[in-house]
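Q: Sequence and predicted model, in that order:
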Amino acid sequence: MTRILIVDDEASTLASLSRAFRLAGYDAVVCDSAARAIDLLRHERFDLVFSDVVMPGQDGLAMLAELRDIGVATPVIMISGQATIDMAVRSTRLGAVDFLEKPVSSDKLLLTVENALRLTRLEEENRQLRRRVGRHDIVWKSEAMRRVLAQVDRVAASETRVCILGETGTGKELVARALHERSPRHDRPFVTVNCAAVPSELIESELFGHEKGAFTGAAARHLGKFEQAHGGTLFLDEIGDMPAAMQAKLLRLLQEGELERIGGERPIPVNARVLVATHHDLESLVRKSSFREDLYHRVFVFPILMPPLRERLDDVPLLADHFAALVADQNGWKPRGFTPAAVEQLLAYSWPGNVRELRNIVERVLLLTDGAVDGATVRQVLSGRQLASGPAAGSGPLADRVAAFEREVVLAELNAHGHRVAETARALGIERSHLYKKCQQLAIDMKAERK
C-alpha cells in the first residue's frame, strides 16, 4: 500500500488530509513537526510526503534542504495557506515536486498525489530502461540454454532463493535479471553487488548502509543495497568471495528480514528477494570452512548451472551477430556481418572467457575491417588472444616457452594459408620481411614444414 507522510502543525489539517488519503486507499501517517518528520524519513519508508511550509521551529523549506543533504529521495509536495510566488520557486529549487495553496479540494489533492506517484514511477522505469537497453538480452538457440530458461520460468514467480553457478563470463547476471523481470517484483528495483569487487572493510556499508558520522568520511546518510532493493531483487554476484564476518551478518538478515545501518540505533525491516551467483564450488568452500554451512543452506535452494560457451556453440553465431549490431549502433557504424569462414573460426575457438570474451573479440574484429568480417581477421585476432592469455607452450625457461608458442602460431598460420607468405604475413599483422626473419629465428622451413 502507498504510504504518505503528512507534516503540519495544525491538528485540523492533519485530520482532514489523513481522512481524504485513507478514504482513497492510501496509508496516511501524520506528524506535527519538521524535526519529527526527518527522523521518521531516516528510519521508515514513505512513497510521498505532504508538508506545510510555515511551521514553528524548523519550517518546511528548511526540512526540504535537510532531506536533500542527508540523501532522502522521497518526493515532497509542499502546501501552504500563506503561499507566495517566491515560496513556490524556492520549494521547487529545493526539490519539491509540486506546490499547493490551502485550502485544497479533495479532487485536486488526489489528482496531485496520482501525478506525483506516476512521475516517480516513470523516472524509475526510465532509469532501469537506460541501464537495460541493448545490454541485457539473452540470445540463444542451443539446447543447453533452453534448459536454463526452462528453469528460470519454473522458479521466477516464486520467492525461492536461487543460486546461479558457472564460469566467469557465462552470463549469470543476465539470468538473475530474467528471474527478476519474470517475477511479481518486476516493477520494483533490481540491484546488483559484486562481492568480489567491494573491499572487505566497505562491504557492510555497501550492503547495509550507514548513518551520517558513523565513521570517518561518512559525511551523509547512505542507503545500502538492501534498502535500495526494497520490494525488488538484490543480486549478490560472486557470493563465494564474501568475507566471513559479512557472511554471518548476511545470514542474520536472511533469517530475520531486518538490518541495522552502521551507526544506526534501530533495526530496519527489508523485503528484497535475494539471488546469488558464484564461479566457485560452494560445497568445496564449505568443506574448507571458507563459507558458512548455515548460509550455504539459506542461499543454495534452487541451483541453476550456466553452461560455458564451449558447450553451447550453436549460440556463437547468434551472439556474434547480436554483439556486432550493438557495437555498430554504439559507434554509429554501418551494420556488418560475418562471412562463413569467419563463423568457422569463431566455432573452432574454445572461448575460455565465455560470452564476455566473445563480446570483446567481436568489437576488436569490427575495428579491423570496413566490410563483412572475414576468416583471416578473426584468425588474426584469436591468434593474438591465445598468445596473450593461453597457457605457456613448452617447458623450461620463459624465453624457450615463448619461442615454442610463437613457432606454433606461425606454423598454424602458414598451414592455414597454404604457406602463401603474403597472406600469412597479413594475417599475423607483420611485414613479409619480418615473417622471413621470424621463421629463421624459429627454425621454420617455410616451404617444407606442414602439419
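A: Nice, thanks for sending it over. Just so you know, these numbers come straight off a predicted model, no measurement behind them.
Q: From the contact counts, what lies against the longest helix seen in the chain?
A: Identified as the longest helix of the chain according to DSSP state H is helix 106-132. Where contact means 3 or more C-beta pairs under 8 Å, 6 or more residues apart in numbering; DSSP states H and E, helix 106-132 is packed against helix 11-23, strand 48-52, strand 76-80, strand 98-101. All C-beta atoms are positioned from the backbone trio N, CA, C, and that covers glycine.
Q: so which of the ones you listed comes closest to residue 189?
A: strand 48-52 (17.4 Å; C-beta to C-beta).
Q: Quick one: distance of that closest one to the chain centre.
A: 33 Å (C-alpha atoms, centre = their mean, to the nearest Å).
Q: Within the sheet, what are the partner strands of that strand, with directions?
A: For strand 48-52, the paired strands and their directions (DSSP bridges) are strand 3-7 (parallel), strand 76-80 (parallel).
Q: how about these, which one is nearest residue 180?
A: Closest to residue 180 of those, according to C-beta to C-beta: strand 3-7, at 23.2 Å.
Q: Contacts for the closest one, please.
A: With contact meaning C-beta atoms under 8 Å, 6 or more residues apart in numbering, strand 3-7 is reached by 13-14, 17-18, 21, 26-34, 37, 40-41, 45-52, 55, 60, 63, 74, 113.
Q: what does the average pLDDT come to for that strand?
A: Here strand 3-7 scores 95 as its mean pLDDT.
Q: Now do the same for the closest residue in space to residue 188 that isn't next to it in sequence: its pLDDT.
A: Spatial nearest neighbour of residue 188, excluding adjacent residues (C-beta to C-beta, 6 or more residues apart in numbering): residue 232 at 3.3 Å. Turning to residue 232, the model gives it a pLDDT of 94.
Q: quick one: residue 232 and residue 191 touch, right?
A: Yes - applying C-beta atoms under 8 Å as the test, residue 232 and residue 191 come out as touching, 6.9 Å apart.
Q: Now for those two: what residues contact both?
A: Each of residue 272 lies in contact with both residue 232 and residue 191 under the rule C-beta under 8 Å, 6+ apart.
Q: which residue is nearest the centroid of the chain?
A: The centroid of the chain falls nearest to residue 192 when counting by C-alpha atoms, centre = their mean (4.6 Å).
Q: I'd like to know how far that residue sits from residue 14.
A: 40 Å (C-beta to C-beta, to the nearest Å).
Q: just to revisit the earlier point, buried residues, the longest helix of the chain. List them.
A: 109, 110, 112, 113, 116, 117, 120, 128 (16 or more other C-beta atoms under 10 Å).
Q: Next: stretch 228-242.
A: 228-230, 232-242.
Q: which among these gets closest to residue 383?
A: The shortest approach to residue 383 among the buried residues of stretch 228-242 belongs to residue 238, at 31.0 Å (C-beta to C-beta).
Q: picking that back up, from the buried residues of stretch 228-242, which land in strands?
A: Mapping the buried residues of stretch 228-242 onto strands (DSSP state E) picks out 233, 234, 235, 236, 237.
Q: Distance to residue 85 added to those residues, as JSON lines?
A: Listed next are these as JSON lines, based on distance: C-beta to C-beta, whole Å:
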{"residue": "233", "distance to residue 85": "44"}
{"residue": "234", "distance to residue 85": "44"}
{"residue": "235", "distance to residue 85": "47"}
{"residue": "236", "distance to residue 85": "50"}
{"residue": "237", "distance to residue 85": "50"}
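Q: then the host helix or strand of residue 330 to CSV, C-alphas only?
A: Element membership for residue 330 (DSSP states H and E) is helix 316-331. Coordinates of each C-alpha in helix 316-331 appear next as CSV, following Å, rounded to 0.1, in the frame of the first residue of the first chain:
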residue,chain,number,x,y,z
VAL,A,316,28.0,-18.4,-31.1
PRO,A,317,26.9,-17.1,-34.5
LEU,A,318,23.8,-15.6,-33.0
LEU,A,319,25.7,-13.9,-30.2
ALA,A,320,28.4,-12.6,-32.6
ASP,A,321,25.7,-11.0,-34.8
HIS,A,322,24.0,-9.6,-31.7
PHE,A,323,27.2,-8.0,-30.4
ALA,A,324,28.2,-6.8,-33.8
ALA,A,325,24.8,-4.9,-34.1
LEU,A,326,25.3,-3.4,-30.6
VAL,A,327,28.8,-2.2,-31.3
ALA,A,328,27.9,-0.8,-34.7
ASP,A,329,24.9,1.1,-33.2
GLN,A,330,27.0,2.4,-30.3
ASN,A,331,29.7,3.7,-32.6
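Q: That concludes my questions; thank you for your assistance.
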